[in-house]
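Asker: 3D model of this:
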Amino acid sequence: MNDFNLLIINWYRQNKRNLPWRITKDPYKIWLSEVILQQTKVNQGLNYYVKFCKNYPTVFDLANASEQEVLSDWQGLGYYGRARNLHSAAKKIVLEYQGNFPNNFTNILKLNGVGEYTASAIASFAYNLPHAVVDGNVYRVLSRVYDLDIPINSSQGQKTFAVLANELLNKENPAEHNQAIMEFGALQCTPKNPSCETCPLVQHCLARKNNTVSIRPVKTSKTKVRLRHFHFLHIENDTHILITQRTQKDIWHNMYQFPLIEKEYVVNLNEFKNELKAIYETEVELVKTNIKHILSHQHLHTTFWRMKTLPKTLEKKIEFQWVLKTELDKFPIPRVIERYLEEIVG
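Answerer: Numbers count the residues shown, from 1 in each chain. Next comes the predicted model:
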């Protein structure tokens, strides 16, 4: 379609959102925005972008921070591996590039946590290099305009869409082209109820013509979801609360949580309460149950139990530590525990 780029660019100039990472060519800040916005909606990621730019104005500031500080600032955003990769990549930029952000696609791609999409975005937005971005919005737009039924999460599908996106790319103005097609997918060609009646591409959209808009893009069947049953033990006194660090290679790596008992099945709560009382020899109170927390390919069913005193069986375990309740916010904790504390404290 010869006028694809012209139509997309014209739409973008009239409809684009005013976002802070669009008014800078600083590759560091563009990188921050792209990592934060991976698997995160703009309205949620915006405040985190502002926070990280304030707390870590340069790559040196980010590299010199502790992992705990970075994880604490990331808290609530989820997918914490992104924060660890961000921190690791900052150290690499300082050590190997003397703090100068790499200025070509190949070297950008070598940074921890940076895939082809993110590398393409940084290369085009910061340096105006001709690399097409292909994110979820772009997949959706292209699959509908060309009515492509090849699964976007298959290797062949990814190759096909990458080739098509690069064929359509305006090589003279790749930065604005990439911003435009992603924004078009986010605001106009939305997953549900797209605004087809006001779409500038409606006359060219094959999915609209073939009545297949609602089934584009195509994805292969999802990965099996793992169900996990977490029972957190909330133990505190007048001034302190008991926490432990998750050091195993699992979700929430290096974050802090309450002592945890994980079960492979749904328990009878009354029986489990009696079991806890017998094991820990202390009074146990059921505070919250059946709290669902959804992660990528994992559904957590969480229950919180409160104990009035520290059980003797936990007393001498070095993996647990008492921290002042007033200083708990200095420790990165999973969002599910943060929400629980917000609710019970009020």
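
Asker: leaving aside the residues next to it on the chain, what's closest to residue 21?
Answerer: Distances taken as Cβ to Cβ, 6 or more residues apart in numbering put residue 33 closest to residue 21, at 3.7 Å, once the chain neighbours are dropped. For every residue, glycine as well, the C-beta is placed using N, CA and C.

Asker: From residue 306, how far out is residue 282?
Answerer: Plainly put, residue 282 is 10 Å away from residue 306 if you go by Cβ to Cβ, to the nearest Å.

Asker: helix or strand right after the host helix or strand of residue 54?
Answerer: Assessed by DSSP states H and E, residue 54 sits inside helix 42-55. Remark: after helix 42-55, the chain's next helix or strand is helix 59-64, criterion DSSP H and E.

Asker: What mean pLDDT does the next helix or strand after that next one get?
Answerer: Downstream of helix 59-64, the next assigned helix or strand under DSSP H and E is helix 67-74. If you average the pLDDT over helix 67-74, you get 96.

Asker: Which SSE is immediately downstream of helix 67-74?
Answerer: Criterion used, DSSP H and E; the element after helix 67-74 is helix 81-97.

Asker: quick revisit: helices and strands around the helix or strand hosting the residue nearest to residue 21, which ones?
Answerer: Applying DSSP H and E as the criterion places residue 33 in helix 27-36. When contacts are defined as 3 or more Cβ pairs under 8 Å, 6 or more residues apart in numbering; DSSP states H and E, helix 27-36 sits against helix 42-55, helix 81-97, helix 116-127.

Asker: Can you list the buried residues in it?
Answerer: Buried residues in helix 27-36, counted by 16 or more other Cβ atoms under 10 Å: 27, 28, 29, 30, 31, 32, 33, 34, 35, 36.

Asker: what ranges do the helices span in the stretch 151-300 of the chain?
Answerer: Using DSSP state H, counting those that start in this stretch, the helices of the stretch 151-300 of the chain run over residues 155-168, 174-187, 206-210, 269-280.

Asker: How far off centre is the third one?
Answerer: Averaging C-alpha positions (Cα atoms, centre = their mean, to the nearest Å) puts helix 206-210 33 Å from its chain's average.

Asker: Then stretch 206-213?
Answerer: Relative to its chain's centre, stretch 206-213 lies at 31 Å (Cα atoms, centre = their mean).

Asker: go on, stretch 120-130?
Answerer: What separates the centre of stretch 120-130 from the centre of its chain is 22 Å, taken as Cα atoms, centre = their mean.

Asker: go on, stretch 171-178?
Answerer: In terms of Cα atoms, centre = their mean, the centre of stretch 171-178 is found 26 Å from the chain centre.

Asker: So for stretch 216-236, what gets flagged as buried?
Answerer: Buried residues in stretch 216-236 (16+ other Cβ under 10 Å): 216, 217, 218, 228, 229, 230, 231, 232, 233, 234, 235, 236.

Asker: For residue 131, state which of the residues you listed is nearest.
Answerer: Among the buried residues of stretch 216-236, residue 217 lies closest to residue 131 (Cβ to Cβ), at 21.1 Å.

Asker: which ones are touching the closest one?
Answerer: Going by Cβ atoms under 8 Å, 6 or more residues apart in numbering, residue 217 touches 139, 140, 143, 144, 148, 151, 152.

Asker: tell me the pLDDT at the second one?
Answerer: Think residue 140. 98.

Asker: which residues touch stretch 171-180?
Answerer: With contacts defined as Cβ under 8 Å, 6+ apart, stretch 171-180 is touched by 5, 8-9, 11-12, 16, 22, 120-121, 124-125, 128-133, 169-170.

Asker: Rounded mean pLDDT for that stretch, please.
Answerer: In this model, stretch 171-180 has a mean pLDDT of 96.

Asker: mind showing which ranges of the stretch 51-200 of the chain have poor pLDDT?
Answerer: Residues of the stretch 51-200 of the chain meeting the criterion pLDDT under 70: none.

Asker: can you rerun that using 90?
Answerer: Residue ranges of the stretch 51-200 of the chain with pLDDT under 90: 78-79.

Asker: got the angle for the helix holding residue 33 vs helix 81-97?
Answerer: 160 degrees (axes from the mean of the first three to the mean of the last three Cα atoms, to 10 degrees).

Asker: Disregarding flanking residues, what is the spatial nearest neighbour of residue 279?
Answerer: Nearest to residue 279 is residue 313, by Cβ to Cβ, 6+ apart, at 7.0 Å.

Asker: Next one: that neighbour from residue 280, what distance?
Answerer: 6 Å.
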